[in-house]
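Asks: give the three-dimensional model of this entry:
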Amino acid sequence: MYEHLVVFKFNTNVTPIKQQELLDQLLTFRDRIPGIFDISAGINVTEETENIKGYTLGLRVTFEDLASLRSYGPHPIHQEFVKSLDGILENVIVVDYPLV
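Replies: Coordinates of the predicted model:
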């Protein structure tokens, strides 16, 4: 299995309602994209405010195998989500690693 971690930093004009819409969209991936074993996502509520750095939405996807992780990026549903971020995403951090 492989973990895929993503944290999103949005432009300041992105409302909490818009962030919730994006979160809801991410959570539908499990039933719509093959190879996803588990998924969780949420709005950042850390009390470590000095460490937020503007990142407000987190995503964790567990894939069944490396092939599933690799097919996720170009998958049409994922690409549709990526396109919805045009003009609102300031930065993103992605980390992928095998589970041991």
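
Asks: going forward, measure contacts between C-alpha atoms and count neighbours the same way
Replies: Noted.

Asks: give the closest residue to residue 7 in space, chain neighbours not counted.
Replies: residue 58 (4.4 Å; Cα to Cα, 6 or more residues apart in numbering).

Asks: tell me how many other residues surround that neighbour.
Replies: For residue 58, the count of nearby residues is 18 (other Cα atoms under 10 Å).

Asks: so where does it fall, helix or strand?
Replies: strand 55-63 (DSSP states H and E).

Asks: next one: residue 87
Replies: Secondary structure from DSSP H and E places residue 87 outside every helix and strand.

Asks: on that earlier part again, any idea what the residue nearest to residue 7 is bridged to?
Replies: residue 7, residue 42 (DSSP bridges).

Asks: retrieve the pLDDT associated with it.
Replies: Note for residue 58: predicted pLDDT of 95.

Asks: and the contacts of stretch 75-85?
Replies: 25, 26, 29, 32, 33, 72, 73 (Cα atoms under 8 Å, 6 or more residues apart in numbering).

Asks: confirm the first one sits in a helix?
Replies: In other words, residue 25. Yes: under DSSP: H, G, I helix; E, B strand; the rest coil, residue 25 sits within a helix.

Asks: and it, how close does it get to residue 41?
Replies: 10 Å (Cα to Cα, to the nearest Å).
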